[in-house]
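Build me a model from this:
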Amino acid sequence: MSTEERSYLGDGVPQQPVEVVLRHADAHVNASLDRLFQLLRIPSISCDALYAPQCREAASWLANELLGIGFDASVRPTIGNPMVVGHHKKADGPHVLFYGHYDVQPAEPFEAWGANPFEPTLKTQPDGDTHIVARGASDDKGQLLTFIEACRSWKAVTGGLPISVSMFFEGEEESESPSMESFLDRFGNELAADVMLLCDTYLWKDTVPAITAMFRGILEEEIEIRCANRDLHSGAYGNAARNPIQTLAELIASLRGANGEVTIEGFYDDIEELDEEVRSQLLKLNFAADAFLGDAGLSQSAGDASYSVLEQIWTRPSCDINGIVGGYYGDGVKTIIPSRAVAKISFRLVPGQDPEKIQSKFRAHIRARTPVDCKVEFKGHGGSPASVISPRSHFLASARAGLKQEWGCEPVLIGSGGSIPIVGVVKHRLGLESLPIGFARSDNRHHSPNEKYDLSSFQKGIRSWIRILAEFSIQRRSGQILVRR
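Sure thing, here's the model as predicted:
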């Protein structure tokens, strides 16, 4: 450690080392990038059991990196892919839990990639930025590593971290986290902290950071309609036989009203009103609805016209048909009345809506409308409740202060129409609020060919976490953060 770096230290506790830590991170960004490349080269695809060894390799890689910067870290076996847990604790002050996932989506179709998706490449752009192109570059390996690298620089400069930090990485996020519940049954107490941080979200604009203050929950259902005991000849049975595809279409049509509202009885009964401070923050975003729809080749919202497009996708619940299968759909014609038809349906939920209650109401709605000679079967694919961050959280205030210092502008509070199930899980199981702070851009092509992470996002992500950890420490010293005991 240099004399300049030592000058920032006092009796083993860092006082004002932030600028030195930032300079260290900038000076060693190439080494950070090399480590990211190492992780990206591991094809840790969780949905395919053939890649289970690579998932274990990625978990071991992360545990070794944490051990190398002084964490008490280990790989924890589960019923599926392993978890990684690490701790670096201080005697007092706040304690944060950082969550990330090391698994990735499959890379197919390979021919759509400009290069091997698991051999990361750097591509310089006309605007001078550089794209890190690889599967997992943004979702979530690049984002995850920003936090580890921020901790690495703190350790290198000060010999410690300004607050207590625990790490929690899973390897099945892209596969609906089947091992999470059983893992928390065994080790949930070990993950107790004051707040959970995660970095699997987006910037608001390329130069404007955001904290995602709300996530909609989700419920996923599959319904199967069966009528005749076999496929029937449409010439022999047409008109006389129930057609399960038509029946399914009519049932699906009954789920939405003329104005786009969901018509399931009691669907909206338990919805909680949005916090006025959060609502006012959203109104300041000047969301360009026409551009948002136009980018998808659309011109008009199909949702409840009583609400703006932004409210529809962030603050209101939805019902969407994700797929329908039934009958013959090969080349040519086959004149049958099929015996079965299947649909996959998902609901996005908002605060106050319980996934189990919505499931019960949905199934009751369908059963009440299923005609004679038709049988309906349901298959649930899981669900999780919505989550909202309190705008009065001291951790939120500290995070916003750190982001403002780094980006030179006020960070905004945004919502997400999608779901990050871990946010609801830790709230329900561990009583932990979450702060989702991500540095991905909207064009990072998550789950698609040529996924990328901007080098500037990687660098500023590291720097942002350095500042946020410092702000948490400042709040600790001023007594503004109430620490769980």
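
Quickly list the domain ranges of the protein.
Listed by automatic domain parsing, the domain ranges of the chain are 3-215+386-478, 217-271+317-384.

Determine the longest helix present in this structure.
Ranked by residue count and defined by DSSP state H, the top helix of the chain is helix 455-478.

Mind listing what's buried along that one?
455-476 (16 or more other Cβ atoms under 10 Å). C-beta coordinates here come from the backbone N, C-alpha and C atoms, glycine included.

try stretch 18-29
Those would be 18, 20-22, 24-25, 28-29, for stretch 18-29 by 16+ other Cβ under 10 Å.

and what of stretch 313-324?
Under 16+ other Cβ under 10 Å, the buried positions of stretch 313-324 are 313-319.

One more: stretch 114-133?
So, applying 16+ other Cβ under 10 Å, buried residues of stretch 114-133: 117-118, 120-121, 130-133.

from those residues, which single one is nearest Pro94?
Pro94 lies nearest to Ile132 out of the buried residues of stretch 114-133, by Cβ to Cβ, at 31.7 Å.

Check the secondary structure at Glu222 for me.
strand (DSSP: H, G, I helix; E, B strand; the rest coil).

re earlier: for my notes, please list the domains of the chain in CSV and give distance to Ala296 and mean pLDDT for each entry.
Formatted as CSV, the domains of the chain follow (distance: least, Cβ to Cβ, whole Å; pLDDT from 0 to 100):
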stretch, distance to Ala296, mean pLDDT
domain 3-215+386-478, 12, 93
domain 217-271+317-384, 14, 96
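
now for those domains, which one comes closest to Ala288?
Among the domains of the chain, domain 3-215+386-478 comes nearest to Ala288, with 11.2 Å by Cβ to Cβ.

Please state the offset of the closest one from the chain centre?
12 Å (Cα atoms, centre = their mean, to the nearest Å).

Helices of the stretch 301-450 of the chain, start to end?
Using DSSP state H, counting those that start in this stretch, the helices found in the stretch 301-450 of the chain span residues 309-314, 355-369, 394-407, 421-430.

Equivalent analysis for the stretch 151-300 of the chain, please.
Taking DSSP H, counting those that start in this stretch as the criterion, the stretch 151-300 of the chain carries its helices at 180-187, 234-237, 244-253, 276-283, 289-295.

Go through those and pick out the most buried.
Ranked by mean neighbour count under mean count of other Cβ atoms under 10 Å, these are led by helix 244-253, which reaches a mean of 18.

And Val262, how close does it get to Gly303?
10 Å (Cβ to Cβ, to the nearest Å).

Overlap of the contact sets of these two?
Residues within reach of Val262 and of Gly303 at once, by Cβ atoms under 8 Å, 6 or more residues apart in numbering, are Ser318.

Chain neighbours aside, what residue packs nearest to the most centrally placed residue in the chain?
Centroid-nearest residue in the chain, with Cα atoms, centre = their mean: Ile420, separated by 3.7 Å. Once flanking residues are discounted, Ile420 sits nearest to Phe215: 5.6 Å by Cβ to Cβ, 6 or more residues apart in numbering.

how much space between the one you found and Pro109?
30 Å.

picking that back up, figure out which of the helices of the stretch 301-450 of the chain is closest to Pro94.
Comparing those by Cβ to Cβ, helix 394-407 comes nearest, at 7.6 Å.

just checking, what packs against the closest one?
Identification of packing neighbours for helix 394-407 by 3 or more Cβ pairs under 8 Å, 6 or more residues apart in numbering; DSSP states H and E yields strand 210-215, strand 434-438, helix 455-478.

Go through the ones you listed and name the closest to Asp373.
Counting by Cβ to Cβ, and looking across all of these, nearest comes strand 210-215 at 41.7 Å.

So what touches that closest one?
Against strand 210-215 from outside (Cβ under 8 Å, 6+ apart): 201-204, 278, 281, 314-315, 351, 386-389, 391, 396, 399-400, 403, 411-416, 418-420, 423-424, 435-438.

Write a PyMOL command that selects only the buried members of these.
Selecting just the buried residues from the contacts of strand 210-215 in PyMOL takes one command, with 16+ other Cβ under 10 Å as the test:
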select buried, resi 201+202+203+204+278+281+314+315+351+386+387+388+389+391+396+399+400+403+411+412+413+414+415+416+419+420+423+424+435+436+437+438
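
So which of the helices and strands packed on helix 394-407 is nearest Gly257?
With Cβ to Cβ as the criterion, Gly257 lies closest to strand 210-215 of the helices and strands packed on helix 394-407, at 24.8 Å.
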